[in-house]
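Novice: Model the following, please.
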Amino acid sequence: MIIGREGAGSDEPHSGVSQALHVAAKLGIADLLADGPVDCEDLAAATDTHAPALQRLLRALASVGVFTQVSPGSFALLGKWLDLHMLVLLGGRERATAEYDTLFRVAGFKLARVVPTPSGPSVLEAVPF
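Specialist: All right, here's what the predicted structure looks like:
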């Protein structure tokens, strides 16, 4: 069982990961890691968050391949490995903004904005209709 947006007992396997990704995106963690590994204390200071809670979030995302913990308390982006993971394991491919807009609409969301990041991939923000 996963603790998801429905609370304890959710059987949605990725709801906790989705929530963690949402928080990391809102905090701009990927942008802060764009130039290389950063200590969690520094990330917490830059995002005005509680360092132990942020470290738990980053460790959780590292466990599913979003970030990597390069040393105790220090995190980095996975870069090219993440690209390969999405392309090979998840059947991903590069898409144009119009394609994402269509995908979101079919799922009941509206593409709100596309935020380019210094590390390469953009962050897509969608909101429910």
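
Novice: And the residue nearest the centre of the chain, how close does it get to residue 96?
Specialist: Centroid check for the chain by CA atoms, centre = their mean gives residue 21 as the closest residue, at 3.4 Å. Using CB to CB, to the nearest Å, residue 21 is found at 22 Å from residue 96. C-beta coordinates here come from the backbone N, C-alpha and C atoms, glycine included.

Novice: now residue 115
Specialist: Noted for residue 115: a distance of 16 Å to residue 96, by CB to CB.

Novice: now residue 53
Specialist: Per CB to CB, residue 53 is found 37 Å from residue 96.

Novice: Between these two, which is the more surrounded one?
Specialist: Higher neighbour count among residue 53 and residue 96: residue 53, with 12 against 8, using other CB atoms under 10 Å.

Novice: which element is that one on?
Specialist: Secondary structure assignment for residue 53, by DSSP states H and E: helix 51-63.

Novice: Would you mind pulling up the elements that that helix packs against?
Specialist: Counting contacts by 3 or more CB pairs under 8 Å, 6 or more residues apart in numbering; DSSP states H and E, helix 51-63 packs against helix 15-27, helix 40-47, strand 67-71.

Novice: swap the cut-off to 10 Å and go again
Specialist: Other helices and strands packing on helix 51-63, by 3 or more CB pairs under 10 Å, 6 or more residues apart in numbering; DSSP states H and E, are helix 15-27, helix 29-32, strand 38-39, helix 40-47, strand 67-71, strand 74-77.
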